[in-house]
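Q: Predicted coordinates and the sequence they were generated for:
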Amino acid sequence: MSLLSNVHPPACNTGGDCPNRIVECGIDYLRGTVPIRYSMDIRTLISKCFDLDLNLVKDRNGQPLGTGFYKLRFTSEHGINVMALNRSIDDSSTDQHCLIDIPGKSLARIDTQAQADFFLELAFLEFNCTRIDIKADDYSKTITPQLAMIASQDGNKTGFRRFSYQQDDRGAGTFYAGLRGRNGGGKFVRIYDKWLQSDGEIDAVRIELEASSAKAVDIFCSLTTLEISHWPDFIRGVFDAALSFKDRTEQKKACRAKMLSWWSWFVDGSVVFSFSRIVKQSVFEKTRNWIKNQVVASLAMLVCGESGDFFLRDSKQMWSTIYPLIIEGLDHMGERHQNLVRQYWRDNDMLDSCYPSLAR
């Protein structure tokens, strides 16, 4: 599948010239992994691109800092970290990799072209992006956290269910949309006034998107295939795909409702972007993998113990051990499990070969 399959040419949905904007966009954080065989390559690449030295972290005795979680850790004065993880004896395991952690202050040390070159080099090292943060600074302050909160409270929002508004002791408010981590959908948005947070260095409203998992991969892959001149429009397009604020007072269907003007101003003319559809693994596949990884060894131990044979030459003895367990499982199978079985039959066109009473 082409990396550009979810990116389309820019288009302005106003039908005319897009309004002038005072918006600066960029990448504010990057995290991911490369196979452990590229441990030396990734450290060399980072040192060259960011013009810094990565130093091996040592304990008080001068020995490399290591635990059961990681083997070697390298860090720099600018906050870049490279950890060589080694949590499996299997060389092909994904638990053998290098974790790369690059904060926004480090990315800001190089220009956009250097960032694009760095991302492309990462792709050549089989980089798997696990988190990427993008940002947009609205110097006109057309977008505000208060407007976002009011629109959300009125139901004039799409792309997220959870939202909140928090104010600190300085009176600075921040709007949050979505959830972070595993409980979220891979996107978490913050909107706040950067003036106070930056001690007056940036007089703008900051819109930030923290993307993780498959959504982070979508964004990173698209950045490696786009010309850097399209990056600002692309970043605004990602925000448009992640959330939107629309007037749904008269038109309840989000696809037909018009965007609120303060949000439309921000996303008009952006690169049209869409996240890849996430297909959840079926319950049967999860159960099969769980049995394979967690149960089969214990089951084999049980059968070998009762059969007195490591090679299981007596298939009748083996079946006599397993069959009662399956019968007991059928007795404990509830309505939820039966419905999952029926759905599996439907998905695999197996209803004709199953008991009609169970297939109903």
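A: Looks like it arrived, so ask away.

Q: so how many other residues sit close to residue 215?
A: Neighbour count for residue 215, taken as other Cβ atoms under 10 Å: 24. Quick note: C-beta positions are derived from backbone N, CA and C, even for glycine.

Q: can you check the one 3 residues further on too?
A: Close neighbours of residue 218, defined as other Cβ under 10 Å, add up to 24.

Q: now do the one 10 residues further on
A: The number of residues packed near residue 228 is 15, by other Cβ under 10 Å.

Q: wait, isn't it in contact with residue 112?
A: Yes: the pair residue 228 and residue 112 passes the contact test of Cβ atoms under 8 Å, sitting 4.9 Å apart.

Q: low pLDDT regions in the stretch 101-250 of the chain?
A: Nowhere does the stretch 101-250 of the chain drop to pLDDT under 70.

Q: can you confirm residue 252 is in a helix?
A: No: per DSSP: H, G, I helix; E, B strand; the rest coil, residue 252 lies outside any helix segment and is coil.

Q: Could you pull up phi and psi at it?
A: phi -70, psi -30 (degrees, to the nearest 10).

Q: same deal with residue 133?
A: phi -110, psi 130.

Q: now swap in residue 190 and tell me
A: phi -130, psi 140.

Q: That one touches residue 174, doesn't it?
A: Yes: look at residue 190 against residue 174 with Cβ under 8 Å: they come within range, at 5.9 Å.

Q: Skipping its backbone neighbours, what lies nearest residue 306 in space?
A: Using Cβ to Cβ, 6 or more residues apart in numbering and skipping the chain neighbours, the partner closest in space to residue 306 is residue 321 (5.0 Å).

Q: measure the one you found to residue 302 for me?
A: For residue 321, the distance to residue 302 (Cβ to Cβ, to the nearest Å) stands at 6 Å.

Q: quick one: the helices in the stretch 101-250 of the chain?
A: Per DSSP state H, counting those that start in this stretch, the stretch 101-250 of the chain carries helices over the ranges 104-107, 112-124, 145-153, 194-197, 213-223, 231-242.

Q: For my notes, please list those in JSON lines and give distance to residue 168 for each entry.
A: Formatted as JSON lines, those follow (distance: least, Cβ to Cβ, whole Å):
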{"stretch": "helix 104-107", "distance to residue 168": "20"}
{"stretch": "helix 112-124", "distance to residue 168": "31"}
{"stretch": "helix 145-153", "distance to residue 168": "12"}
{"stretch": "helix 194-197", "distance to residue 168": "8"}
{"stretch": "helix 213-223", "distance to residue 168": "28"}
{"stretch": "helix 231-242", "distance to residue 168": "24"}
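
Q: Out of these, which is closest to residue 348?
A: Closest approach to residue 348 among those is made by helix 213-223 (25.4 Å; Cβ to Cβ).

Q: from what I can see, residue 277 looks like it's in a helix, true?
A: No: Residue 277: not assigned to a helix; according to three-state DSSP it is coil.

Q: State the pLDDT value of it.
A: Looking at residue 277, its pLDDT reads 74.

Q: That one: neighbour count?
A: Neighbour count for residue 277, taken as other Cβ under 10 Å: 7.

Q: circling back to that earlier point, quick one: which of residue 321 and residue 302 has more around it?
A: Neighbours per residue (other Cβ under 10 Å) separate residue 321 from residue 302, with residue 321 holding more: 17 against 13.

Q: buried set for the helix or strand containing the more buried one?
A: Assigned by DSSP states H and E, residue 321 belongs to helix 315-332. Buried residues in helix 315-332, counted by 16 or more other Cβ atoms under 10 Å: 318, 321.

Q: Going along the chain from that helix, find the next helix or strand for me.
A: Trace forward from helix 315-332 with DSSP H and E and the next one is helix 335-347.

Q: could you give the angle of the helix holding residue 321 to helix 335-347?
A: 110 degrees (axes from the mean of the first three to the mean of the last three Cα atoms, to 10 degrees).

Q: same for helix 315-332, what does it pack against?
A: Here helix 315-332 touches helix 296-307, going by 3 or more Cβ pairs under 8 Å, 6 or more residues apart in numbering; DSSP states H and E.
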